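Asker: got a predicted structure plus its sequence, pasted below:
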Amino acid sequence: MPGTASRPHLGHGVDLRPEHYQSLLEAPLEMDWVEVISERFVRTRGGIRLDVLERVRREVPVALHGTTLSVGSVDPLDRDYLRALKALADHIEPVWVSDHLAWSSFGGADLDMFPLPYTEESLDHVVARVVAIQEALGRTFLLENPSSYVAFRSSAIRECDFLAAVAQRTHCGILLDVNNVYVSARNLGFDPGEYLAAIPPDRVQEIHLAGHRDLGGLLADTHEGPVPSAVWELYREAVRRFGPVPTIVEWDTAVPELDTMVAETRRAARIEKEVCGEAGGTAAEVRLAGHG
Amino acid sequence: MVKLAELQQKFASLATGSGQPSAELLGFIAEAPGASASARVRMYAENVRVKTTDGLGAAYKRLARLLGPTLFQELTDGYVRDFPRPRRTMEELVNGLPAFLALEADRWGRPDVSDLATLELARSEMAGETTGNPPGPEALAALAPDEWPFTRLRFIAALRLLRLRFDVGSLWTCLDQGVEPPLPAAGPHPLLVWREHHTVFHSVLSAEEADALERALAGRTLGEVCEAFAACEFPADAACGALAGWFEDHLVLSLSTDRGGDP
């Protein structure tokens, strides 16, 4: 079928936290797959962290998720970091490598994930960077939508269209963070349903779920607490639109016992099954109708 | 239209400076309901601050516990402000904290904070080092007495000998047990940090054993290593006890004997 893509359905898993390393070494894994923050494992010469990652990788698929590739930065790409990331990926053989549609460094200083103006200049810049990253890594790369507190006057393109355009021009995948869509929609006043509608289904390779904090006027993307009900509802909408998508639960603040995070993955699996029937909730190859 | 580089420069200045947005930066921001442009951009500056404090707090858990949240935040704010620019990666911040603490240790309430941070950093580094497959005590027992003077040891990578000024081993234990930390005890405190399997250990060494280990790490022969115990009441017993301990703790990766042309 023309325009048809496929993605492995890896099921539902968690973002691996250092707080859980010891229990992961001692107990059987109770999740379909895991994601790890790349920066915790690059340039390691061995040791406990790599032992944990190797042990997990022997049992389930692993994705490498980064925060410091600084895809949108005007700084030169950090080639040393890219080489180290490639070495890690070659060793672990992840299902894919991902990072954010954001910039996180300037002048060599680590910052946080900062927003981009969605302009033609930014689009050309990000496309060139993603192409270079994919060439350097030699494997599937996914770009994640950020959570935003500001929009720029100069932005002429909606974020969802920008992300779709990057994916179309570079053939990268999309890591759709449903919590980020919800947080940004609330903070900037757009319709999260319209955002999902603009995302090409055949590019969505992974979904993130997490919690946030309501500061009154703004929602803060803190990855704390259970996934809020509004984010579960948006997840349901995403599954309805995109079908079963490999899903990861993130929890970075006041991290609970691993069992609590695993319970969230089971809830995601239940929702997927409710929406997709038996096709959901299990690891399988999912074929998708192409976008457009 | 503002160029990408200019916008990033303004944003970066916000995050690495006072945290207060310039009028120019605010002029780039589109209005939206719920919060002012100023409140929105300050979220990013605060996120950088929180991320930095969290990153340092994760690397220095005992130091953060000792200082408490308010003083630890004051420390990280001051440290970041004084850190030499332009580069300031999280790894550089983590690695540079013990030296920063050593500059003005009394400012943080105790003179032993730098040593505590040094121990935390070393333990963290050991978690990321390899141990290989070290032999047990039988390897030492198998060494013929006449081979000792010509034998050198090679150690696992996951090992550090720290020369500290304060007894932070006791401080560490108190912080772990949640009991009142002792007053700083000054004096030479050599400390050995190493990893065995998935556990990182540290242990206080005698001055003689520290000197012997330093010699062994430098590639000196066992004959020269054992001379470090010459001032002990029973030098041979002290040397044998220390060496046996190194093998029992799986610190020694291998032995090599070279008689230097001796037939």
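Answerer: In hand now; what should we look at?

Asker: enumerate every residue touching the closest residue to A:Pro192 other than its chain neighbours.
Answerer: Computed as Cβ to Cβ, 6 or more residues apart in numbering or on different chains, the closest residue to A:Pro192 that is not its neighbour in sequence is A:Ala185, at 4.1 Å. From N, CA and C alone the C-beta is placed, and that goes for glycine too. When contacts are counted by Cβ atoms under 8 Å, 6 or more residues apart in numbering or on different chains, A:Ala185 touches A:191-192, A:195.

Asker: over to A:Ile174?
Answerer: A:142-145, A:163-164, A:167, A:199-200, A:203-205.

Asker: find the pair from the residues you listed with maximum spatial separation.
Answerer: A:Glu144 and A:Pro200 (15.1 Å; Cβ to Cβ).

Asker: who has more neighbours out of these two?
Answerer: Neighbour count, other Cβ atoms under 10 Å in any protein chain shown: between A:Glu144 and A:Pro200, A:Glu144 has more, with 24 against 20.

Asker: which positions in the stretch 51-200 of chain A make contact with chain B?
Answerer: A:51, A:72-74, A:103, A:106-112, A:114-117, A:119, A:121-122, A:125, A:149-155, A:186-189 (Cβ under 8 Å from any Cβ of the partner chain).

Asker: going by neighbour count, which of those residues are buried?
Answerer: When those are checked for burial by 16 or more other Cβ atoms under 10 Å in any protein chain shown, the buried set is A:51, A:72-74, A:103, A:106-107, A:109-112, A:114-117, A:119, A:121-122, A:125, A:149-152, A:154-155, A:186-188.

Asker: among those, which are located in strands?
Answerer: A:103, A:106, A:109-112, A:114 (DSSP state E).

Asker: which residue is nearest the centroid of the chain?
Answerer: As the question left the chain open, I've gone with chain A. Closest to where the C-alpha atoms of chain A average out (Cα atoms, centre = their mean) is A:Leu175, at 4.1 Å.

Asker: sorry, should have said chain B
Answerer: Chain B, centroid-nearest residue using Cα atoms, centre = their mean: B:Leu121 at 1.8 Å.

Asker: mind checking which helix or strand that residue is in?
Answerer: If you go by DSSP states H and E, B:Leu121 is part of helix B:113-127.

Asker: for that helix, C-alpha coordinates in CSV please.
Answerer: The C-alpha coordinates for helix B:113-127 follow below in CSV (Å, rounded to 0.1, in the frame of the first residue of the first chain):
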residue,chain,number,x,y,z
VAL,B,113,32.7,19.9,53.4
SER,B,114,35.3,19.8,50.6
ASP,B,115,36.6,16.5,51.8
LEU,B,116,33.1,15.1,52.0
ALA,B,117,32.4,16.2,48.4
THR,B,118,35.8,14.7,47.4
LEU,B,119,34.7,11.3,48.8
GLU,B,120,31.2,11.5,47.2
LEU,B,121,32.8,12.3,43.8
ALA,B,122,35.3,9.5,44.1
ARG,B,123,32.6,7.0,45.0
SER,B,124,30.5,8.1,42.1
GLU,B,125,33.5,7.7,39.8
MET,B,126,34.1,4.2,41.1
ALA,B,127,30.6,3.2,40.2
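
Asker: next helix or strand past it?
Answerer: helix B:138-141.

Asker: elements contacting the helix or strand following that next one?
Answerer: Next helix or strand after helix B:138-141 toward the C-terminus (DSSP H and E): strand B:151-155. Counting contacts by 3 or more Cβ pairs under 8 Å, 6 or more residues apart in numbering or on different chains; DSSP states H and E, strand B:151-155 packs against helix B:207-217, helix B:222-226, strand B:252-257.

Asker: ok, whichever residue of the stretch 151-263 of chain B sits closest to chain A - how many residues close by?
Answerer: In the stretch 151-263 of chain B, the residue found nearest to chain A is B:His198; the distance is 5.2 Å by Cβ to the nearest Cβ. Neighbour count of B:His198, defined by other Cβ under 10 Å: 15.

Asker: I'd say it and A:Ile48 touch.
Answerer: Yes - taking contacts as Cβ atoms under 8 Å, B:His198 lies within contact range of A:Ile48: 5.2 Å.

Asker: could I have the buried ones of the contacts of A:Ala185 as ChimeraX selection syntax?
Answerer: Only the buried entries of the contacts of A:Ala185 go into this ChimeraX selection, using 16+ other Cβ under 10 Å:
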select /A:192,195
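
Asker: quick one on the thing from earlier: run through the neighbouring helices and strands of the helix holding B:Leu121.
Answerer: So helix B:113-127, by 3+ Cβ pairs under 8 Å, 6+ apart, packs with helix A:47-59, helix B:37-59, helix B:61-82, helix B:90-103, strand B:159-166, helix B:168-177, strand B:186-196, strand B:199-204.

Asker: pull stretch A:151-159 out as CSV, backbone CA atoms only.
Answerer: Listed next in CSV are the C-alpha coordinates belonging to stretch A:151-159 (Å, rounded to 0.1, in the frame of the first residue of the first chain):
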residue,chain,number,x,y,z
ALA,A,151,5.4,31.4,22.1
PHE,A,152,7.3,33.9,20.0
ARG,A,153,5.9,36.7,18.0
SER,A,154,8.1,35.7,15.1
SER,A,155,6.6,32.2,14.9
ALA,A,156,4.8,31.8,11.6
ILE,A,157,4.3,28.0,11.8
ARG,A,158,2.3,26.0,14.4
GLU,A,159,4.5,23.7,16.4
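
Asker: pLDDT score for the residue nearest to the centre of chain A?
Answerer: In this prediction, A:Leu175 carries a pLDDT score of 98.

Asker: off-centre distance for stretch B:128-137?
Answerer: Between the centre of stretch B:128-137 and the centre of its host chain there is 20 Å, according to Cα atoms, centre = their mean, to the nearest Å.

Asker: sort out which residues of that stretch are buried, please.
Answerer: Neighbour-count burial for stretch B:128-137, counted by 16+ other Cβ under 10 Å, picks out B:128-129, B:131, B:134, B:137.

Asker: CSV for these, including pLDDT and distance to B:Glu208?
Answerer: Compiled in CSV, the buried residues of stretch B:128-137 are given as follows (pLDDT from 0 to 100; distance: Cβ to Cβ, whole Å):
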residue, pLDDT, distance to B:Glu208
B:Gly128, 86, 30
B:Glu129, 89, 26
B:Thr131, 89, 26
B:Pro134, 95, 23
B:Pro137, 92, 20
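
Asker: export those residues to CSV and append columns for distance to chain A.
Answerer: Formatted as CSV, the buried residues of stretch B:128-137 follow (distance: Cβ to the nearest Cβ, whole Å):
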residue, distance to chain A
B:Gly128, 4
B:Glu129, 5
B:Thr131, 8
B:Pro134, 14
B:Pro137, 24
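
Asker: B:Met90 contacts B:Thr53, correct?
Answerer: No - between B:Met90 and B:Thr53 there is no contact under Cβ under 8 Å: 11.2 Å.

Asker: show residues contacting stretch B:1-19.
Answerer: So stretch B:1-19 is in contact with A:72-74, A:103, A:106-107, A:109, A:111-112, A:114, A:116-117, A:119, A:121-122, A:125, A:152, A:154, B:20-22, B:24-25, B:28, B:41-42, B:44-46, B:48-49, B:85, B:88, going by Cβ under 8 Å, 6+ apart.

Asker: repeat that with 6 Å
Answerer: A:74, A:106, A:111, A:114, A:121-122, A:154, B:21, B:25, B:28, B:45, B:48 (Cβ atoms under 6 Å, 6 or more residues apart in numbering or on different chains).

Asker: how about stretch B:144-152?
Answerer: Residues contacting stretch B:144-152 (Cβ under 6 Å, 6+ apart): B:219, B:221-223, B:255-259.

Asker: quick one, strands of the stretch 151-292 of chain A?
Answerer: A:173-177, A:204-209, A:213-214, A:219-220, A:247-249, A:284-288 (DSSP state E, counting those that start in this stretch).
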